[in-house]
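> next one to model:
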Amino acid sequence: MAKIERFEDLKCWQEARVLVKEVYLLCEKGKLVKDFDTRSQLRRAALSVMNNIAEGFGKYSNKELIRYLDVANNSASEAKSILYVLIDLNYFPEAEVGKLQAKAEEVKSLCLALIKYLVKRNQT
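Residues are numbered from 1 along each chain as shown. Have a look, this model is predicted:
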């Protein structure tokens, strides 16, 4: 495994970056363009995922990194929840939104895997 020296090396950050890009692209389509509140909240939730991973990586302890990864995980859940609104309001087909929900779940899984690794490493 390659040594992690920068937050850009983290797989969870890389996939969160993809999530942000896809969210921003979606926000420029259809009825969501005019739904400023939902669009803003969705963007902020996705950005929070990516930025909390980066911010946590810059902290001085694994304990703080874990805390920021937990916040990122929560933000991914928030983004996934907001995406349900887009389905419920018929802004987009469920299949299209489902791809973003799956990406949010992937990011959550990667964050949780890193948390588990860090916790285990701290115990030894």
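> for the longest helix anywhere in the chain, what is the average pLDDT?
For the chain, the helix with the greatest residue count under DSSP state H is helix 94-123. Across helix 94-123, the average pLDDT comes to 95.
> ok, now stretch 8-20?
What stretch 8-20 shows for mean pLDDT is 98.
> and it, how far out from the chain middle?
Mean-position distance between stretch 8-20 and its chain equals 8 Å (CA atoms, centre = their mean, to the nearest Å).
> sorry, back to before: what is the longest helix of the chain packed up against?
Under the contact criterion of 3 or more CB pairs under 8 Å, 6 or more residues apart in numbering; DSSP states H and E, helix 94-123 touches helix 11-26, helix 36-57, helix 62-88. No exception for glycine: its C-beta is placed from N, CA and C like everyone else's.
> quick one, the last one and helix 94-123 angle?
Angular relation of helix 62-88 and helix 94-123 on a 0 to 180 degree scale: 170 degrees, by axes from the mean of the first three to the mean of the last three CA atoms, to 10 degrees.
> buried set for helix 62-88?
For helix 62-88, the neighbour count (16 or more other CB atoms under 10 Å) marks 62, 65-66, 68-69, 71-76, 78-80, 82-83, 86-87 as buried.
> do the second one as well
Taking 16+ other CB under 10 Å as the basis for neighbour counts, the residues of helix 36-57 that come out buried are 38-39, 41-43, 45-57.
> quick one on the thing from earlier: now the longest helix of the chain against helix 36-57, angle please.
The directions of helix 94-123 and helix 36-57 differ by 20 degrees, with the same axes, to 10 degrees as the criterion.
> got the buried residues for helix 94-123?
By neighbour count on 16+ other CB under 10 Å, the buried set for helix 94-123 is 97, 100-101, 103-104, 106-108, 110-111, 114-115, 118.
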